[in-house]
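Asks: Next come a sequence and a model predicted from it.
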Amino acid sequence: MTKNGAKHALPMARRPPPPGRKPAPKGLPDRETLLSFLREKGESDRADLARAFGLKGAERRALREMLRELEAEGALGRRGRKGFAEKGALPEVGVVDVVERDPDGDLLVKLTKGEDVPLVPLAPSRKAEAGQAPGLGDRLLVRFERLESGEFEARLIKRLGQSAHRVLGVVRKARREIRVEPVDRRSKETLVLDPDEAGELCDGDLVVAQVGASVARYGPHRGKVLEVVGREDEPRAASLIAIHAHGIPTGFSPAAEAEAEAAQAPTLAGREDLRGVPLITIDPADARDHDDAVFAEPDADEANNGGWIVWVAIADVAAYVKPGSALDREAQDKGNSVYFPDRVEPMLPERLSNGLCSLREGENRATLAVRMVFGADGRKRSHRFVRGLMRSAAKLSYEQAQEAVEGHADDKTGPLLDTILKPLWGAYACLKKGRDARSPLAIASLERKIAIDEMGRVASIVPRIGLEAHSLIEEFMIQANVCAAETLEARRSPLIYRVHDQPSQEKLQALVDFLATLGLPWTKGEAPRTERFNRLLAETRDTANAEIVNEVVLRTQMQAHYSTDNIGHYGLNLARYAHFTSPIRRYADLIVHRALISALKLGDDGLSERDIATMTGTAEHITMAERRAMAAERDATDRYIAAFLADRVGAEFDGKITGVTRFGLFVRLRETGADGLVPVSSLGGEYFVHDDRAHALVGERTGARWPLGMSVRVRLREATPITGGLLFEMLSDPTPADPSAPGPRLGMRARGDRRGGDFRGPPRAGKPGRPKNIRNGRRKGGPRR
């Protein structure tokens, strides 16, 4: 024993080989044995090889000569400075750079070590963060997997923090240098390009550039252009920038397009004939894909007097998108369709999304439908799912349907009024009783529609008008989604839930603090029930504080997401909920369709073993894809609004303070709903304290206040379409000090005269007033509920 009680060191025994691997033979190996060993291990340096074969002295020198000969013959390749591997071999895990795209648009990666390694396609990623999908110039840690074809693909493990990163920017050519200015207003990573490499670039080109070394100690970095994606002066550049900035997958591979083109119109084989049910679609006037149809009639059962039968028929996408197919892989990667003011990036090719899966008027379509029975009290009594063949009796817009029931029927809606439309509204009146008893969150959401003209420019920005027709379709879809979740739970089937948690204690406390500044009570420790929020909103609806209370209640909520673990849906006040009604544009709904097909034995194209095994990862991925899409849609909208207002710099607008930070105020314009910043530099010469409890900037000397929700007048100083940034100048006076108000909870001080006026907008995390995703998304332009 040694002094400290440890045993004397003994000669270290060799570690036994892993199970299934034969120990390396002792003595100098022949060429085939050496190559076989490297093939199995992946890569190894000369010292490791010598230890593995137990070589010493002259045998080590002979090994060195053998390695040199094999490398000269092309049988071996280098890995780093000292490593060797069979030529073209790939390790199990490796660091790669994304170096190019193949003709189908898929990313190709290459190991950072070794010049003889092949390019490998990067598989669809489930671990990419929202808005940070891998792209050209990125460095990744991946796992290489051999496919059944014998070829390899790389699967993302993680993005590496010290990677060679990229910038999406605009080329600016000056007399002495060529720069790339980032389109992200949060970024200050301006790059300098080598004139010899940028000769063909034009001023205003939108490019993806890789960040290189710094030009000088404190100067900008050098950049290398990887890809030219468009022009900044293109009318539709706003959505193009959002697509590239957030890594939105675009287009489809030839394999996926071929599968879509090969799809055939449905037949009645194996399906229930629903063509006698006069189902109709009700959608936005400009909708091209119609994934749901509805019908309602009074229940003839005497035991259900005053009750209703409601049909919701959904496009049977699972009949065309088979598990493991190219269509399936790409739909899963996309996660959902992404809707911009000027274009759509669909989850499925047009042949399906606008063709065979769209419930077109007068055409036979495959459907997965649910027949629901409701009592006179609006509560669901029973339901059953049917895999059928339907034929839409009519295609109506929300406005058409609403005008018809209000007494302004047209030639198309007139014949449908008594037999179809009035029964639909009667059923909705019944279901509304159940909805009111359930008391889901009743937060108002003001949406605006951006109209694009034929040249791709913004023609107008107008508020979206909420109609009872919207609420009718929304409630029918919610009930169908509940039926899907209930059925799958009863059959003990794996499924992806749509879940929404209740507000956190931190958010509730912030709400209580703010309400106290308005003199609105909320008992400390009071449970955050949905009916309590609704009562608060109702009490303030006709007051001056209505809009801002609605805004703060909205910010108090958590974000909905997808999960295989059910915690219920707080916003809808439902114990179980899943997305079923939009499989054309959401992958979550497609998985639920397959689960229903398997659970109810409606066909052999239900859940695959892989679907089940990877369901948790799928839920995480489609949550990421949804948030990625929301961020891209927001950014594109900001840029279109900035472009619309660019000709009105100097104009004055009425607005409302919707965000308060230490560096300024965010103001939302009443006319367009545009959000912009009033820098603290325009608020006067005194110090301002950010009182985060009262959501206000407070003058340290005068006590003057700029509170959240205050109506103000501002002047537009700057509109930058390429970044979407708006800069305002404050014209209104602050509210005077309130002697009775509680003292501010001190935040950081900001001097009004110490900041420049070139701020181009807030970090996205600080963007005020963005609606939380607490609902179940109905369709493009509608709420995500």
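Replies: That came through fine.

Asks: What's the separation between the residue nearest to L515 when sequence neighbours are not counted and V553?
Replies: Once flanking residues are discounted, L515 sits nearest to W522: 5.2 Å by Cβ to Cβ, 6 or more residues apart in numbering. Just so you know, the C-beta spots here come from the backbone N, C-alpha and C atoms, and that holds for glycine as well. Distance of W522 to V553, computed by Cβ to Cβ, to the nearest Å: 11 Å.

Asks: who has more neighbours, these two?
Replies: Comparing W522 with V553 by neighbour count (other Cβ atoms under 10 Å), the higher total belongs to V553, at 22 against 18.

Asks: Please look at the more buried one and L537 and confirm they touch.
Replies: Yes: in this structure, V553 is within contact of L537 by Cβ atoms under 8 Å, at 6.4 Å.

Asks: which residues are common contacts for the two?
Replies: Shared contacts of V553 and L537 (Cβ atoms under 8 Å, 6 or more residues apart in numbering): I443.

Asks: sorry, back to before: what sits in contact with each of W522 and V553?
Replies: Jointly contacting W522 and V553 under the rule Cβ under 8 Å, 6+ apart are 511, 536.

Asks: hey, where'd the helices end up in the stretch 1-150 of the chain?
Replies: 31-41, 46-53, 58-73 (DSSP state H, counting those that start in this stretch).

Asks: Pull the number of nearby residues for the closest residue in space to L55 that isn't next to it in sequence.
Replies: Distances taken as Cβ to Cβ, 6+ apart place L63 nearest to L55, at 5.7 Å, with adjacent residues excluded. Here the number of neighbours of L63 (other Cβ under 10 Å) works out to 18.

Asks: right, and L63 touches D48 too?
Replies: No: applying Cβ under 8 Å as the test, L63 and D48 come out as separate, 11.0 Å apart.

Asks: okay, the residue nearest to L424 when sequence neighbours are not counted: pLDDT?
Replies: Of all residues not flanking L424 in the chain, A296 sits nearest, at 4.9 Å (Cβ to Cβ, 6+ apart). You'll see A296 listed with a pLDDT of 98.

Asks: buried sites along the helix or strand where A296 lies?
Replies: Following DSSP states H and E, one finds A296 within strand 292-298. For strand 292-298, burial by neighbour count (16 or more other Cβ atoms under 10 Å) applies to 292-297.

Asks: Just list what the helix or strand hosting L396 packs against, helices and strands only.
Replies: Using DSSP H and E, L396 falls within strand 394-397. Strand 394-397 sits against strand 280-283, with contacts defined as 3 or more Cβ pairs under 8 Å, 6 or more residues apart in numbering; DSSP states H and E.

Asks: centre of the chain versus stretch 142-153, how much separation?
Replies: 28 Å (Cα atoms, centre = their mean, to the nearest Å).

Asks: Stretch 667-681 now?
Replies: Between the centre of stretch 667-681 and the centre of its chain there are 25 Å (Cα atoms, centre = their mean).

Asks: For that stretch, list the C-alpha coordinates in CSV.
Replies: Taking Å, rounded to 0.1, in the frame of the first residue of the first chain, the C-alpha atoms of stretch 667-681 are listed here in CSV:
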residue,chain,number,x,y,z
VAL,A,667,-45.5,53.0,-30.5
ARG,A,668,-48.1,51.3,-32.6
LEU,A,669,-49.8,53.4,-35.3
ARG,A,670,-53.6,53.3,-35.3
GLU,A,671,-53.7,53.6,-39.1
THR,A,672,-51.6,50.7,-40.1
GLY,A,673,-50.8,48.8,-36.9
ALA,A,674,-47.1,49.4,-37.6
ASP,A,675,-44.7,49.2,-34.6
GLY,A,676,-41.7,51.6,-34.3
LEU,A,677,-39.3,53.0,-31.8
VAL,A,678,-39.3,56.5,-30.2
PRO,A,679,-35.7,56.7,-28.9
VAL,A,680,-35.2,58.1,-25.4
SER,A,681,-33.2,60.9,-27.0
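
Asks: buried sites along that stretch?
Replies: 667-669, 672-681.

Asks: Max pairwise distance over those residues: which two?
Replies: The two members of the buried residues of stretch 667-681 with the most space between them (Cβ to Cβ) are G673 and S681, at 25.1 Å.

Asks: ok, back up a step: how about the buried residues of stretch 667-681 in a markdown table, adding secondary structure, pLDDT and distance to P503?
Replies: Below are the buried residues of stretch 667-681 laid out as a markdown table (DSSP: H, G, I helix; E, B strand; the rest coil; pLDDT from 0 to 100; distance: Cβ to Cβ, whole Å):
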| residue | secondary structure | pLDDT | distance to P503 |
| --- | --- | --- | --- |
| V667 | strand | 95 | 26 |
| R668 | strand | 93 | 23 |
| L669 | strand | 94 | 29 |
| T672 | coil | 90 | 30 |
| G673 | coil | 89 | 25 |
| A674 | coil | 92 | 28 |
| D675 | strand | 92 | 23 |
| G676 | strand | 94 | 28 |
| L677 | strand | 94 | 27 |
| V678 | strand | 94 | 29 |
| P679 | strand | 92 | 31 |
| V680 | helix | 89 | 30 |
| S681 | helix | 80 | 35 |
